[in-house]
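Asker: Just a sequence and a predicted model for now, questions to come.
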Amino acid sequence: MTRTAARVAAAAATALLLAACGSSGGDEAAAADGVRVQAAFYPLQWAAERVGGDRVDVASLTPPGAEPHDLELTPQDVAALSEADLVVYLEGFQPALDDAVTQAGDAAWDAGQAADLSLTTEAHEHEGESEEEHAAHGEEDGEVADPHFWLDPTRLADVGDALADRLAEVDPDGADTYRANAEALRGDLESLDAEMQEGLADCAVTTLVTGHDAFGYLADRYGLEVVGVSGLSPSAEPTPEQLAEISTLVRERGVTTVYTETLADPAVAETVAEEAGVQTAVLDPIEGLTDESAGDDYLEVMRADLATLQEGQGCA
């Protein structure tokens, strides 16, 4: 008997007992016994909630307002992995979770396979880092896979479709619901994609200078070139030589805006902007939501990002 089936059986027994006692709490008990999903961080949590609907109970391993790259799991988090029916994560994005996800066994599902992580970015050591610190950032010299696929809405739609199939394996009775929800999610994401295609079709500046290298998939989808000040890891600091090189690039390419982020320290990006004599604006990589996020969910924040880019890149 699977973990889900065991809980369903237990819920049924509880419902019978409550009915015999004349209790009115049966609906609440049933709702609490849905498919348990542990999502690694916000975009995966949002997708799981949209696809799973009322049949799933989704929790995020990354607390609101925390930088997901720097996730550290508590013993309770590790225990939750072993109890989950499905763990939705992104291999290589959060090293602490990569080490612990074995606790989930067959319940672990890597969204990166459905997202087709086809882009790479250059990884390099940063000033003052030891070899151990460099390794802790998950980076090696040379090209490494860019994990930030969700900033291309079409890739997130593909993940939604694959997630519906995976949830259907866990909960066959919900298969039609999951696939209908994924279809609705795809419709929303394709509408967003069309808005972004139109809004970024004619920009005076096509070089996108950001706090860290999180916007590669967005840039690739919409005809921009991204330059990340801090590479893949927002906590790593570039060398003075790298900062000078980026500042020169900003001036030479007519960049008017350097973008900071909601969850990362803006100091390094602000330094580049100050040296180059340009402005800053906040561009959200949507790795997590905070009270400062320009929207209540992924779709709202992406549309806010679109407006920010149109102004900062001089889009007609």
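Answerer: Here it is on my side, so go on.
Asker: What residues does Asp116 make contact with?
Answerer: Contacts for Asp116 (Cβ atoms under 8 Å, 6 or more residues apart in numbering) come out as Phe149, Arg155, Asp158. Just so you know, the C-beta spots here come from the backbone N, C-alpha and C atoms, and that holds for glycine as well.
Asker: per-residue confidence at it?
Answerer: What the model reports for Asp116 is a pLDDT of 93.
Asker: how close does it sit to Gly254?
Answerer: Asp116 is 33 Å from Gly254, where distance means Cβ to Cβ, to the nearest Å.
Asker: domain parsing for the chain?
Answerer: Domain assignment for the chain by automatic domain parsing gives 1-33, 35-192, 200-312.
Asker: Which of the ones you listed comes out lowest on mean pLDDT?
Answerer: domain 1-33 (a mean of 39).
Asker: Tell me where the stretch 201-316 of the chain has helices.
Answerer: Using DSSP state H, counting those that start in this stretch, the helices of the stretch 201-316 of the chain run over 216-221, 240-252, 267-276, 298-312.
Asker: ok so, going back, nearest to Gly288 among the contacts of Asp116?
Answerer: Phe149 (15.8 Å; Cβ to Cβ).
Asker: And that closest one, how far from Glu241?
Answerer: In terms of Cβ to Cβ, Phe149 sits 31 Å off from Glu241.
Asker: quick one, which of these two is more surrounded?
Answerer: Higher neighbour count among Phe149 and Glu241: Phe149, with 26 against 9, using other Cβ atoms under 10 Å.
Asker: Would you mind measuring from that one to Ile286?
Answerer: Phe149 sits 11 Å away from Ile286, going by Cβ to Cβ.
Asker: Next, the buried residues of stretch 213-228.
Answerer: Residues of stretch 213-228 classed as buried: 213-222, 224, 226-228 (neighbour count, 16 or more other Cβ atoms under 10 Å).
Asker: between the residues you listed, which is nearest Ile246?
Answerer: Using Cβ to Cβ, Val227 comes nearest to Ile246 of those, at 6.3 Å.
Asker: Leaving out chain neighbours, which residue sits closest to that closest one?
Answerer: Distances taken as Cβ to Cβ, 6 or more residues apart in numbering put Val209 closest to Val227, at 4.9 Å, once the chain neighbours are dropped.
Asker: So the one you found sits against Gln279, correct?
Answerer: No - using Cβ atoms under 8 Å as the test, Val209 is too far from Gln279 to be in contact (11.4 Å).
Asker: okay, the contacts of Asp116 in a markdown table with distance to Arg50 and secondary structure next?
Answerer: Below are those laid out as a markdown table (distance: Cβ to Cβ, whole Å; DSSP: H, G, I helix; E, B strand; the rest coil):
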| residue | distance to Arg50 | secondary structure |
| --- | --- | --- |
| Phe149 | 16 | helix |
| Arg155 | 15 | helix |
| Asp158 | 14 | helix |
